[in-house]
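Novice: here is my input, please return the structure:
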Amino acid sequence: MKKTAKTWYITAAALVLMGCILFIGVMSSVGWDVSRLSAVSFETRIHEIAEPLRDLSLTTDTANIVFARSEDGRCRVACYEEANAAHSVTVENGVLLIRRIDQRSWYDHIGFRFSSPRITVYLPQAEYGALSVCESTGDIHLPKGLSFGRMDLSASTGSIRCSAAVREAVRLKTGTGDLCLADASAGSLDLSVTTGQIKVSDVRCAGDITVSVSTGRAYLTRIACKNLISSGTTGDIFLEDTAAAEAFSLERSTGNVRFDRADASEIFVRTGTGNVTGSLLTDKVFLTQTDTGTVEVPQTITGGRCEIRTDTGDIELKID
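Specialist: Here you go, the predicted structure:
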């Protein structure tokens, strides 16, 4: 048995050594450029848009999507994509439509890919109507300097970064990807993630902000809105320098709620095992309830209603 095991060890070591030699030989032949081992051919297609645009609608799966201001005043779409999985770019009734046309066979999905498809939309105008993007694993990026009437962006595992201004409703939704909204304005905000994080900073919202998470965390910094409504399970929510003209309505199961110089006319918080801590800016009439947690709040008798209820979480608040 010992002689047989020794033979197997020697054979395995020889195979590993042979594999290493083959790997070094192949990589040397391609100049150690891993991308040259890709089984997929990528190419760039430029689509010039001459028709006037009002709205934009994009549907794809793995492509990263980037919007940018056009420096030469012309509208065009640059698609870096697989040769047999191109995107169609058309304009119908003032709507720019971008769709993926997948002509691949099943065997085309086999092999290594060292590049990701990318769609760059160059827009000459500063303002457009409705923007709709339905994505899967790719990311979506909208820089500052663009403005839309309405916005609806969704992704599965991709992340969304947005600094554009929107006059009316904004809906951003992703699963495991992150949502990042910074230095922007909106009529209303509807933000939703499952396990991803939500980061919102320097945003003015004329209407309500709705934040929905499952296990992801939500960070809201320097926000102004009418009402802030948030629900979640194990995800924490942090409010820093955030103000609502009317009310905060926050609900968590095991997630914590943290205020840092945040305030609203009325505040309603409900958690299970999550703690509610931090600081508010104005006096409140505190109505608190917890089963096994501790409560430390100011004994103020003026101001708006601040109702906080937990099961086992602690309640510790102060007035700055």
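
Novice: after the helix or strand of the chain with the lowest mean pLDDT, which helix or strand is next?
Specialist: Every helix and strand of the chain was ranked by mean pLDDT, DSSP states H and E. The lowest is helix 2-29, at a mean of 63. Next helix or strand after helix 2-29 toward the C-terminus (DSSP states H and E): strand 42-49.

Novice: what lies in contact with the next helix or strand after that next one?
Specialist: Counting by DSSP H and E, the element after strand 42-49 in chain order, helix or strand, is strand 55-59. When contacts are defined by CB atoms under 8 Å, 6 or more residues apart in numbering, strand 55-59 is touched by residues 65, 94-100, 119, 121, 128-135. For every residue, glycine as well, the C-beta is placed using N, CA and C.

Novice: equivalent analysis for stretch 178-191, please.
Specialist: 144, 151, 159-173, 193, 196-212, 216, 218, 225.

Novice: taking the centroid of this protein, which residue is nearest it?
Specialist: The structure's the chain has its C-alpha centroid closest to Leu179; by CA atoms, centre = their mean the separation is 2.3 Å.

Novice: who's that one bridged to?
Specialist: Here Leu179 shows beta-bridge partners Ile160, Ile198, assigned using DSSP bridges.

Novice: equivalent analysis for Lys318, please.
Specialist: Counting by DSSP bridges, Lys318 forms beta bridges with Ser279.

Novice: strands of the stretch 101-250 of the chain, residue ranges please.
Specialist: Across the stretch 101-250 of the chain, reading from the start of the chain, the strands by DSSP state E, counting those that start in this stretch fall at 118-123, 127-134, 140-142, 147-154, 160-162, 165-166, 169-173, 179-186, 188-192, 198-205, 209-212, 218-231, 237-240, 243-251.

Novice: need the pLDDT of the nearest residue to Val211 once chain neighbours are set aside.
Specialist: The spatial neighbour of Val211 that comes closest, neighbours along the chain excluded (CB to CB, 6 or more residues apart in numbering), is Ser230 at 4.1 Å. Per-residue confidence at Ser230 stands at 97 (pLDDT).

Novice: over to Glu71?
Specialist: 89.

Novice: and it, how close does it get to Leu123?
Specialist: 11 Å (CB to CB, to the nearest Å).

Novice: again with Phe148
Specialist: Note on Phe148: its distance to Leu123, by CB to CB, is 10 Å.

Novice: then Thr310?
Specialist: For Thr310, the distance to Leu123 under the criterion CB to CB works out to 48 Å.

Novice: who has more neighbours, those two?
Specialist: Residue environment comparison for Thr310 versus Leu123 gives the larger neighbour count to Thr310, 24 against 21, counting by other CB atoms under 10 Å.

Novice: my guess is that one contacts Thr292. True?
Specialist: No - contact criterion CB atoms under 8 Å: Thr310 and Thr292 do not qualify, at 9.1 Å.

Novice: excluding its backbone neighbours, what's nearest Cys162?
Specialist: Distances taken as CB to CB, 6+ apart put Leu142 closest to Cys162, at 4.5 Å, once the chain neighbours are dropped.

Novice: may I have the predicted confidence score for that neighbour?
Specialist: Residue-level pLDDT assigned to Leu142 equals 96.

Novice: that's all I had, so thanks and see you.
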